[in-house]
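# return atomic coordinates for the entry below.
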Amino acid sequence: MELKVIVKRGESGYYVARIPALKGCWSQGRTAQEAVDNIGEAAALWLEVEQEKRSRQVGGKSEVFEVQI
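Okay, here's the model as predicted:
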């Protein structure tokens, strides 16, 4: 999966990264590259949590399939 990441330097001097397609998925790092690496980990966790939330809403365990567009 490829997602666009926006990175900008924050007021604290750290770089802040976010993925607009994943509402609320933010991370940071001391360098821009560290912020990008960290947002990758954050995105994986974000997607895992969303999967669990949706499984509970549907009322059971969901199956996950991958498609390439």
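# can you give me the distance of the most centrally placed residue in the chain to E34?
The centroid of the chain falls nearest to A43 when counting by Cα atoms, centre = their mean (2.1 Å). As for A43, its distance to E34 is 15 Å (criterion: Cβ to Cβ, to the nearest Å). Using the backbone N, CA and C atoms, a C-beta is placed for each residue, glycine as well.
# what residues are up against the residue nearest to the centre of the chain?
Shown in contact with A43 (Cβ atoms under 8 Å, 6 or more residues apart in numbering): 3, 19, 22, 25.
# so can I have JSON lines of those residues showing pLDDT, secondary structure and neighbour count?
Below are the contacts of A43 laid out as JSON lines (pLDDT from 0 to 100; DSSP: H, G, I helix; E, B strand; the rest coil; neighbours: other Cβ atoms under 10 Å):
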{"residue": "L3", "pLDDT": "91", "secondary structure": "coil", "neighbour count": "13"}
{"residue": "I19", "pLDDT": "97", "secondary structure": "coil", "neighbour count": "19"}
{"residue": "L22", "pLDDT": "96", "secondary structure": "coil", "neighbour count": "15"}
{"residue": "C25", "pLDDT": "96", "secondary structure": "coil", "neighbour count": "19"}
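# rewinding a little: and the residue nearest to the centre of the chain, what pLDDT?
A43 is assigned 95 on the pLDDT scale.
# which residues touch stretch 28-35?
Identification of contacts with stretch 28-35 by Cβ under 8 Å, 6+ apart yields 7, 10, 14-17, 27, 36-38.
# which among those count as buried?
With burial judged by 16 or more other Cβ atoms under 10 Å, the buried subset of the contacts of stretch 28-35 is 7, 15-17, 27, 38.
# so which of these sit within helices?
Among those, DSSP state H puts N38 in helices.
# sorry, back to before: just the contacts of stretch 28-35: which has the poorest pLDDT?
Minimum pLDDT across those falls on G10, with 93.
# now for that residue: which residues touch it?
16, 28.
# try 10 Å
By Cβ atoms under 10 Å, 6 or more residues apart in numbering, G10 lies in contact with 16, 28, 35.
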